[in-house]
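K.L.:
Based on what follows, work out the 3D shape:
(2 chains)
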2 protein chains.
Amino acid sequence: MQLVIIGGSDAGISAALRAREIDPSMEVTLVVADAFPNYSICGLPFFLSGEVTDWRTLAHRSAEDITQQGIRLLINHTATAIDPERHIVTVLNQQQQCVDLPYDRVVIATGATPIRPVIDGVDLPGVFLLHSMADSFAVDTYIREKAPQSALIIGGGYIGLEMADALTLRGINVTLVEHHPTVLKTVDTAFGSMVADELQRHGVTVISGTRIEHISPQQDHLYVQGTGGFSHTADLVLAAVGVKPASSLAKQIGVETGKHDAIRVSRFMETNLPHVYAAGDCTETFHHVLQASTYLPLGTTAHKQGRIAGENSAGHPKAFHGSLGTQVLKVFDLAIARTGLREDEALAAGFAPFTHDAIHWDHKVYYPGAHKLRIRITGDRNTGRLLGAQMIGHWHSEIAKRIDIFATALFHQMSVEDLSELDLSYTPPLSSPWDPVQMSAQAWVKEVQTLEVKV
Amino acid sequence: MQLVIIGGSDAGISAALRAREIDPSMEVTLVVADAFPNYSICGLPFFLSGEVTDWRTLAHRSAEDITQQGIRLLINHTATAIDPERHIVTVLNQQQQCVDLPYDRVVIATGATPIRPVIDGVDLPGVFLLHSMADSFAVDTYIREKAPQSALIIGGGYIGLEMADALTLRGINVTLVEHHPTVLKTVDTAFGSMVADELQRHGVTVISGTRIEHISPQQDHLYVQGTGGFSHTADLVLAAVGVKPASSLAKQIGVETGKHDAIRVSRFMETNLPHVYAAGDCTETFHHVLQASTYLPLGTTAHKQGRIAGENSAGHPKAFHGSLGTQVLKVFDLAIARTGLREDEALAAGFAPFTHDAIHWDHKVYYPGAHKLRIRITGDRNTGRLLGAQMIGHWHSEIAKRIDIFATALFHQMSVEDLSELDLSYTPPLSSPWDPVQMSAQAWVKEVQTLEVKV
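P.N.:
As a prediction, this is how the structure comes out:
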């Protein structure tokens, strides 16, 4: 059985490894467009900050690790066509020659590409997008050679915020411009404002509610103009306004796409074409709370979907349980996390959401080093079901793994009230007898009851 | 409705608060034997280490906080008798007078008392047990007045280990003697050895496999002798060899006891006598995995049981879901945690346990500050069900809340394999695309499959 996988990032590698694990007789070929299979794209900002001193360490696995698993690795090979009738993937090799790869099963794991914002001057030297290793090297080289004193970042999402942190750490004066009213629109505005405060506390200028429209060269600098009369001069401009699924190869052969043009897949990661699977940032994601598909590109999900695709393509039926959109971000000293639905998303999905906002110490305050963390729990006021949670606080406050308690609870459709039944660990330096997760759940229940009495 | 609660620590306070919350018309009287209601007993070692500078901050709540909730607080009142026929609790007040308190419902939350080891000389000046605020003040005063240079701790359990850390921090030379082969027998010996190494790395002398038999005065010091020819001179001796339920008051009136002489309670925290409830360290604990009662005194459980007792005594039927024995301990730079069953416990309970031991980085190693953590997963090799987990590593490695992911999974009877389906959070400074919890679960599954092939 021949399995061809197009794409060598999280989903592709996971599919390859899992297929070989399930069935060691599978002949697995991995087609990787660049020379960097299985690199941690999420690590790029930490390379550019200087915290990662050797970019090679960004690899989750070396090429050797991969080939040692019996996987045929074709780096610098670009898949140009798939023939679903003849079961052939055509690739362009390093010598720019076309090579046909026959397959029994194919997994499309082409990932996502950064959205190039429609801004005059976005192609000027000194203006960068950031997604691939190559992008990252280009930014790094530019910083080394030009020693920019200032940078303007377009976009206050994950990458924009991490890059604001990274470039500040590298001694560059950063201005971050977001067209939404607050940065990090994946969390509620109250948390977005706290993130903006944290940026400003570290010297980053944050401009929100402003859309960049024009970039032009001005002597050795870049002159950037936006809505509301915004203008700013910077030595480096970085655009990080989101990604879009790289689904064009799939669409060429009639693979159906859905939300945001992402490839439509079943819970078994099958596309509408037989023997053609897809996984990762190029596909739709089944959402566990919504019980419907959405577009939610995340590395964790790509790993899971890739694994499922590998498992199914090796003839072992297995369904993807679904994503909760669980994510965490570190910006300077803050960690910001979420899982499940926010109130607005829950409302749109037909729930009757209520959100409680609570502040608790991360551990008993009598023990040194306690930090406050803030939790927003969203639950359904009719059924009491937990729908989602958001958390913000010091990055040493176990925010990431506290959100995972909520994520595990959501996986099991727990009620907010039942969170108090969980037997969670406690020692004064690390928590409270009721973990903040539980104290916030108890407060949610109490407040919902008070509302009921009032109604 | 009059509710009398005997005991003002975790279970008692939780019962009082919850009863008032459920039914604000309840007249709740809280009988507290000392002057320290709702103090964090778990915080005593951090007071003695000097990390907690004001002992008053050890209170979870002040007396005022409690009375403001409409709870009648009788401090320095000792309950001496219960008359279940006439529904009266007799207490001895501060003036040593007997006072009768009528009740409709009574909650016995008398806690546990430290086991006084059978050792010659255990009553000598300079030899201490540690459980109450009074014990703690006595040790503190002794240290201030006598400035001991050296201490010998008997017992390598939670309190013994935390006190070894605390006294070392206070500049005292510590020797810790444990009669088991390794310290911290609540976790597997491999982890116990790592804890012993951590103690020794910080200058504590650890002697295991030795039972202390005799303490005698020697000039200004204490001469301590044990099995195997052990002898040691110290200025201070602290015995911390465990606790036993304070169930004698309950037994006087015919309340049944079970394991370790702890009060037998239903899932509703009812004793065998009508209108008599019990909760906390004086009671048996229903174990969620064993689906049977055991004795597992923990502050977290006491809070939960107290809350349930308060809820039921206020006429709102609610069952205790059960404990998993989830616990975490910080000793110097290490955190050690467990939840559910160890292999030996699982075997004794009739499971077919298999344990996998794995080492993973707490976050992507390319990001600075990564520490290794070690996870032991125990699951049933026939059913694949998760039975328990143990974890050890740096105390900043989110060990406490990672064990809580396992605890939440155990609460829902998850299989080890399904842990990989959980949508857990990831950012390179805080985890990996598969959290260590999931990587260790995947390794467990793989190893069990390999074993099956061999068989």
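
K.L.:
can stretch A:271-282 be found next to chain B?
P.N.:
No. On the criterion C-beta under 8 Å from any C-beta of the partner chain, stretch A:271-282 is out of touch with chain B, staying 11.5 Å away. Where you see a C-beta, it was placed from the backbone N, CA and C, and this is true even at glycine.

K.L.:
Please write out the alpha-carbon positions of that stretch in CSV.
P.N.:
The C-alpha trace of stretch A:271-282 is given here as CSV (Å, rounded to 0.1, in the frame of the first residue of the first chain):
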residue,chain,number,x,y,z
THR,A,271,-12.5,14.4,1.5
ASN,A,272,-15.4,14.0,-0.9
LEU,A,273,-13.0,12.1,-3.2
PRO,A,274,-12.3,8.4,-2.5
HIS,A,275,-8.8,7.7,-1.2
VAL,A,276,-8.1,11.4,-0.7
TYR,A,277,-7.7,12.5,2.9
ALA,A,278,-6.9,15.9,4.2
ALA,A,279,-5.7,17.2,7.6
GLY,A,280,-4.4,20.2,9.3
ASP,A,281,-4.5,24.0,8.6
CYS,A,282,-5.9,23.4,5.1
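
K.L.:
Quick one: distance of it to the chain centre.
P.N.:
Its chain's C-alpha centre and that of stretch A:271-282 lie 20 Å apart, by C-alpha atoms, centre = their mean, to the nearest Å.

K.L.:
what does stretch A:333-351 give?
P.N.:
Chain-centre distance of stretch A:333-351: 15 Å, with C-alpha atoms, centre = their mean.

K.L.:
just stretch A:207-226 next, same as before
P.N.:
27 Å.

K.L.:
Give me the buried positions along that stretch.
P.N.:
Buried residues in stretch A:207-226, defined by neighbour count with 16 or more other C-beta atoms under 10 Å in any protein chain shown: A:207, A:208, A:210, A:212, A:215, A:221, A:222, A:224, A:225, A:226.

K.L.:
Check those residues against chain B and report the nearest one.
P.N.:
Taking C-beta to the nearest C-beta as the measure, residue A:208 is the one of these closest to chain B, at 22.7 Å.

K.L.:
And for the closest one, nearest residue in space, chain neighbours not counted?
P.N.:
With C-beta to C-beta, 6 or more residues apart in numbering or on different chains as the criterion, residue A:208 has its nearest non-adjacent residue at 4.7 Å, and that residue is residue A:178.

K.L.:
Then residue A:201?
P.N.:
Nearest non-adjacent residue to residue A:201 (C-beta to C-beta, 6+ apart): residue A:332, at 7.5 Å.

K.L.:
and what of residue A:439?
P.N.:
Nearest residue to residue A:439, sequence neighbours excluded (C-beta to C-beta, 6+ apart): residue A:360, at 5.4 Å.

K.L.:
For the buried residues of stretch A:207-226, work out which two are farthest apart.
P.N.:
Distance extremes for the buried residues of stretch A:207-226: the farthest pair is A:208 and A:221 at 23.1 Å, using C-beta to C-beta.

K.L.:
Do I have it right that residue A:360 meets residue A:440?
P.N.:
Yes. Applying C-beta atoms under 8 Å, one finds residue A:360 in contact with residue A:440, separated by 6.7 Å.

K.L.:
Looking at the two, which is more packed in?
P.N.:
More crowded of residue A:360 and residue A:440, by other C-beta atoms under 10 Å in any protein chain shown: residue A:440, with 27 against 23.

K.L.:
Report the secondary structure element holding the more buried one.
P.N.:
Assigning secondary structure by DSSP states H and E places residue A:440 in helix A:436-454.

K.L.:
Surely residue A:233 touches residue A:217?
P.N.:
No. Using C-beta under 8 Å, residue A:233 is not in contact with residue A:217, being 10.6 Å away.

K.L.:
picking up where we left off before, and the residue nearest to residue A:208, how many neighbours?
P.N.:
Residue neighbour count, defined by other C-beta under 10 Å, stands at 26 for residue A:178.

K.L.:
measure it to chain B for me?
P.N.:
Going from residue A:178 to chain B by C-beta to the nearest C-beta, to the nearest Å gives 20 Å.

K.L.:
what does residue A:99 give?
P.N.:
According to C-beta to the nearest C-beta, residue A:99 stands 31 Å off from chain B.

K.L.:
any idea which helix or strand comes after the helix or strand hosting that residue?
P.N.:
Per DSSP H and E, residue A:99 falls inside strand A:98-102. Per DSSP H and E, strand A:98-102 leads on to strand A:105-108 as the next helix or strand towards the C-terminus.

K.L.:
If you drop the residues flanking it in sequence, what lies closest to the residue of chain A found nearest chain B?
P.N.:
In chain A, the residue that lies nearest chain B is residue A:401 (3.5 Å; C-beta to the nearest C-beta). Using C-beta to C-beta, 6+ apart and skipping the chain neighbours, the partner closest in space to residue A:401 is residue B:401 (3.5 Å).

K.L.:
Counting by contacts, list what the strand or helix carrying the one you found packs against.
P.N.:
Secondary structure from DSSP H and E places residue B:401 in helix B:399-411. Judged by 3 or more C-beta pairs under 8 Å, 6 or more residues apart in numbering or on different chains; DSSP states H and E, the packing partners of helix B:399-411 are helix A:399-411, strand B:327-331, strand B:334-340, strand B:372-380, strand B:386-394, helix B:436-454.

K.L.:
hey, C-alpha coordinates of that helix in PDB?
P.N.:
Coordinates of each C-alpha in helix B:399-411 appear next as PDB, following Å, rounded to 0.1, in the frame of the first residue of the first chain:
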ATOM      1  CA  ILE B 399       3.000  19.400  37.500                       C
ATOM      2  CA  ALA B 400       0.100  20.300  39.800                       C
ATOM      3  CA  LYS B 401      -2.300  21.200  37.100                       C
ATOM      4  CA  ARG B 402      -1.000  18.500  34.700                       C
ATOM      5  CA  ILE B 403      -1.900  15.900  37.300                       C
ATOM      6  CA  ASP B 404      -5.300  17.600  37.400                       C
ATOM      7  CA  ILE B 405      -5.800  16.700  33.700                       C
ATOM      8  CA  PHE B 406      -5.400  13.100  34.700                       C
ATOM      9  CA  ALA B 407      -7.700  13.600  37.700                       C
ATOM     10  CA  THR B 408     -10.400  15.100  35.400                       C
ATOM     11  CA  ALA B 409      -9.900  12.200  33.000                       C
ATOM     12  CA  LEU B 410     -10.200   9.700  35.900                       C
ATOM     13  CA  PHE B 411     -13.400  11.300  37.100                       C
END
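
K.L.:
Between strand B:327-331 and that helix, find me the angle.
P.N.:
160 degrees (axes from the mean of the first three to the mean of the last three C-alpha atoms, to 10 degrees).

K.L.:
Now do helix B:399-411 and strand B:334-340, the angle between them.
P.N.:
Using the same axes, to 10 degrees: helix B:399-411 against strand B:334-340 is 10 degrees.

K.L.:
Helix B:436-454 and helix B:399-411, what's the angle between them?
P.N.:
Using the same axes, to 10 degrees: helix B:399-411 against helix B:436-454 is 50 degrees.

K.L.:
ok, which stretches of the stretch 201-350 of chain A are helices?
P.N.:
A:248-252, A:299-313, A:343-348 (DSSP state H, counting those that start in this stretch).

K.L.:
Among those helices, show me which one is buried the most.
P.N.:
Neighbour counts (mean count of other C-beta atoms under 10 Å in any protein chain shown) averaged over each of the helices of the stretch 201-350 of chain A peak at helix A:299-313, with a mean of 28.

K.L.:
For that one, give the mean pLDDT please.
P.N.:
Helix A:299-313 shows a mean pLDDT of 97.

K.L.:
That helix - contacts with which helices or strands?
P.N.:
So helix A:299-313, by 3+ C-beta pairs under 8 Å, 6+ apart, packs with helix A:10-22, strand A:105-108, strand A:276-278.
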